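**Q** sequence first, then the predicted structure, then my questions.
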Amino acid sequence: MTSPPEQSHDGAVGPVPAAAVVPVLAPWLPTQRWYPVKGVATRVRLVRTVPLAPGVASLLVDVARASDDDTASAGTPLLHVPVVVEPAPTDGRAAPASAVGTLVRDGVEHVVHDGARHRAFWAAVLAGARWEDGGGVPGGAPGTHGEPDLAGARVVAGEQSNTSVLMPQVAGGAILKILRTVAPGPNPDLDVPRALARTGWHGVPRPLAWWSVDEAGASDEPVELHLAILSELVPRADDGFELACAFAGRAASFAEHAGALGTLVAQLHAALRRAYGTGPVVDAAWLVDDLRARAVRAAGEAPILARREDAIARVHARAEAALAAAGERHTLPRLQRIHGDLHLGQVLHGTDGWRVLDFEGEPLRPVAERTRPDLALRDAAGMLRSFDYAAAVGRAHGTRWAADARDAFWTAYRAASGGDAPTPGGAGQDDLLAALELDKALYEVVYEVRNRPDWVGIPLAGVDRVLERTTA
Ligand SMILES: Nc1ncnc2c1ncn2[C@@H]1O[C@H](COP(=O)(O)OP(=O)(O)O)[C@@H](O)[C@H]1O
Ligand SMILES: O=P(O)(O)O[C@H]1O[C@H](CO)[C@@H](O[C@H]2O[C@H](CO)[C@@H](O)[C@H](O)[C@H]2O)[C@H](O)[C@H]1O
């Protein structure tokens, strides 16, 4: 059963008054890293309240530009906002970090908390979750069931699209990912790790449980809407990006770690082929059109790219020629399920090596595109780009550090892919890889313009490096 919300001075906690809570949340939401619409005035509209326990609920709100009329809300992002509402303390205690604001209900002041930072919400989700093993909430001791032991539970700090909570005592060590931008239907961040775990591959933390609600589908049949996922904790793990930045900062070679990552990514691609099969060979015309269309969209969002358009077009032309040559040699790469947003921040280095996380795909891509079969090489390009980021953020001296990491990664990736290499091979491979790196760097420019404008120089330098390499 659920734990009650933290006790109040009078113990009176009823259903969450969602309509009154939304105006309290409205000014706070745009300040959150995971808020999906940046830089323009927005309005939020309550779509659904999912009650979990007295004073505990998840609100589903849609976010639209303030300038759009109400009919424009179709297709706008649906946000998951857990809340806990409880009477304000009367003993002068300072508001906890989870407090977002207050409202008055029946003459009593109440605090509205960010539920993602509140134990009452965590306990309620674990109680309502579906467990992979079919059991209930495992307690601290392996094999026991009952109340979850939330001792030591804490929110993971840092740059994240969702909100994750470490729960060292739950199920022998787990992490609860509270999904923020949600959509009805299968969630790749749950489905892919489950499918990979079923193939017997251990490079991904195993999902333990998930919490979802039913939404009405197109013909009124229920469709699952996933709101949170509990996964096995990788103990004493270092975030790949922080680790790489630390190595770069002390001028220590990252080549060994990068090589192990290359092997991991090749294994990931093989496991994805085992789980989902291999698709047809890439349609070269479709791929190049898609790269061109994404580049045009990126330049539209980031005017800083405009004067590079001719050079970008030359990279695409070379990729087109490389694909045409591969077509003639019958060595066009096949499509398959991929990670889709692979970078150093998506890998953890634990006591037994690297693990890969977060299969949601690029958050700026439309949901329908994120799970479609694609080129495995796209993931390799993402990781190669990430060494640039680590070199820049970790302040590596010169270009050697990143170049060594890139070489080690790429060499190990190809070696571990062996005869199954999902690459076109031959001289054209470099041109295709360059076009995919460019595509990722353009995506990153848009991502940084929207989210971290101070960082835009990092991917922009990456764009220029690809353009220089290709025109050299
Ligand atoms: N299984 C795990 N074990 C340990 N830490 C994890 C695990 N999964 C995620 N984390 C931590 O949480 C962070 C965010 O996870 P991630 O899945 O990338 O979320 P987001 O989609 O919010 O970016 C990771 O960078 C890592 O620090
Ligand atoms: O991890 P997310 O799924 O939220 O991915 C998005 O955010 C990432 C940043 O948090 C962003 O990654 C870029 O910055 C990373 C360093 O913070 C770097 O390691 C990556 O190489 C770089 O792409 C990612 O692009 C975005 O989709």
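**A** Good, I have the coordinates. Residues are numbered from 1 along each chain as shown. Ligands and ions are numbered 1, 2, ... in the order given.

**Q** what pairs with the helix or strand where S164 lies, and is each one parallel or antiparallel?
**A** Secondary structure assignment for S164, by DSSP states H and E: strand 163-167. As defined by DSSP bridges, the strand partners of strand 163-167 come to strand 154-155 (antiparallel), strand 174-178 (antiparallel).

**Q** what's in contact with the first one?
**A** Identification of contacts with strand 154-155 by C-beta atoms under 8 Å, 6 or more residues apart in numbering yields A116, R117, T163, S164, V165, L166. Using the backbone N, CA and C atoms, a C-beta is placed for each residue, glycine as well.

**Q** which one is the fifth one nearest to, not counting chain neighbours?
**A** What that stands for is V165. Closest residue in space to V165, ignoring its immediate chain neighbours: L176 at 4.5 Å, by C-beta to C-beta, 6 or more residues apart in numbering.

**Q** quick check, pLDDT for the one you found.
**A** pLDDT for L176: 98.

**Q** I figured it hits W122, correct?
**A** Yes. In terms of C-beta atoms under 8 Å, L176 counts as a neighbour of W122; the distance is 6.4 Å.

**Q** which residues are common contacts for the two?
**A** Among the neighbours of L176, those also in contact with W122 (C-beta under 8 Å, 6+ apart) are V165, M167.

**Q** just to revisit the earlier point, would you mark the buried spots in the strand holding S164?
**A** Applying a neighbour-count criterion of 16 or more other C-beta atoms under 10 Å, one finds T163, S164, V165, M167 buried in strand 163-167.

**Q** and of the residues you listed, the nearest to ligand 1?
**A** S164 (4.2 Å; C-beta to the nearest ligand atom).

**Q** buried set for stretch 465-472?
**A** Of the residues in stretch 465-472, those scored as buried under the neighbour-count criterion (16+ other C-beta under 10 Å) are R465, V466, L467, T470.

**Q** and for whichever residue of the stretch 301-450 of the chain sits closest to ligand 1, nearest residue in space, chain neighbours not counted?
**A** The nearest approach of the stretch 301-450 of the chain to ligand 1 comes at D358, 3.6 Å away (C-beta to the nearest ligand atom). Leaving out its chain neighbours, the residue that sits closest to D358 by C-beta to C-beta, 6+ apart is Q346, at 4.8 Å.

**Q** quick check: that neighbour touching H339?
**A** Yes. Q346 sits in contact with H339 when judged by C-beta under 8 Å, with a separation of 7.2 Å.

**Q** more neighbours, these two?
**A** Comparing Q346 with H339 by other C-beta atoms under 10 Å, the one with more neighbours is H339, at 27 against 22.

**Q** residues contacting whichever residue of the stretch 351-472 of the chain sits closest to ligand 2?
**A** Proximity of the stretch 351-472 of the chain to ligand 2 (C-beta to the nearest ligand atom) peaks at S386, 3.3 Å away. S386 makes contacts with G240, F241, A244, L342, H343, L344, G345, as judged by C-beta under 8 Å, 6+ apart.

**Q** wasn't it part of a helix?
**A** Yes. Going by DSSP: H, G, I helix; E, B strand; the rest coil, the assignment for S386 places it inside a helix.

**Q** okay, buried residues for stretch 226-242 please.
**A** Buried, per 16+ other C-beta under 10 Å, within stretch 226-242: 226-234, 237, 239-242.

**Q** tell me the SS of P186?
**A** Secondary structure, three-state DSSP: P186 is coil.

**Q** which positions in the stretch 251-400 of the chain make contact with ligand 2?
**A** Proximity of the stretch 251-400 of the chain to ligand 2, by C-beta under 6 Å from any ligand atom, involves residues D341, H343, L344, G345, D358, E362, P363, R385, S386, Y389.

**Q** okay, the residue nearest to the second one when sequence neighbours are not counted: pLDDT?
**A** With sequence-adjacent residues excluded and distances taken as C-beta to C-beta, 6+ apart, H343 is closest to S386, at 4.0 Å. For S386, the pLDDT comes out at 98.

**Q** ok, G92 next?
**A** Among the per-residue scores, G92 shows a pLDDT of 79.

**Q** repeat for G419
**A** At G419 the predicted local distance difference test score is 61.

**Q** residue at max distance from the center of the protein?
**A** When distances to the mean C-alpha position of the chain are computed (C-alpha atoms, centre = their mean), the maximum falls on G107, with 41.7 Å.

**Q** distance of it from G14?
**A** G107 sits at a distance of 14 Å from G14 (criterion: C-beta to C-beta, to the nearest Å).

**Q** might you report the residue contacts of the residue nearest to V165?
**A** Each residue near L176 by C-beta under 8 Å, 6+ apart is listed here: W122, V125, L126, S164, V165, M167, V170, A228, I229, L230.

**Q** and the contacts of strand 154-155, which is closest to W410?
**A** Comparing those against W410 with C-beta to C-beta places S164 closest, at 30.3 Å.

**Q** find me the pLDDT at the closest one, would you?
**A** Here the pLDDT value assigned to S164 is 96.

**Q** quick check: it touching K177?
**A** Yes. In this structure S164 lies within contact range of K177 using C-beta under 8 Å: 4.8 Å.

**Q** quick one: contacts of the helix or strand of the chain with the lowest mean pLDDT?
**A** Of the helices and strands making up the chain, the lowest-confidence element is helix 367-370, at a mean of 78, by mean pLDDT, DSSP states H and E. By C-beta under 8 Å, 6+ apart, the surrounding residues in contact with helix 367-370 are A183, P188, G340, E360, G361, E362.

**Q** hmm, 6 Å instead?
**A** Here helix 367-370 makes contact (C-beta atoms under 6 Å, 6 or more residues apart in numbering) with A183, G340, G361.

**Q** and the strands in the stretch 351-472 of the chain?
**A** Counting by DSSP state E, counting those that start in this stretch, residue ranges of the strands within the stretch 351-472 of the chain are 353-356.

**Q** residue ranges of the helices in it, please?
**A** Applying DSSP state H, counting those that start in this stretch to the stretch 351-472 of the chain gives helices spanning 367-370, 377-393, 400-417, 428-451, 457-471.

**Q** show me what the last one is packed up against.
**A** It refers to helix 457-471. If contacts are counted by 3 or more C-beta pairs under 6 Å, 6 or more residues apart in numbering; DSSP states H and E, helix 457-471 sits against helix 377-393, helix 428-451.
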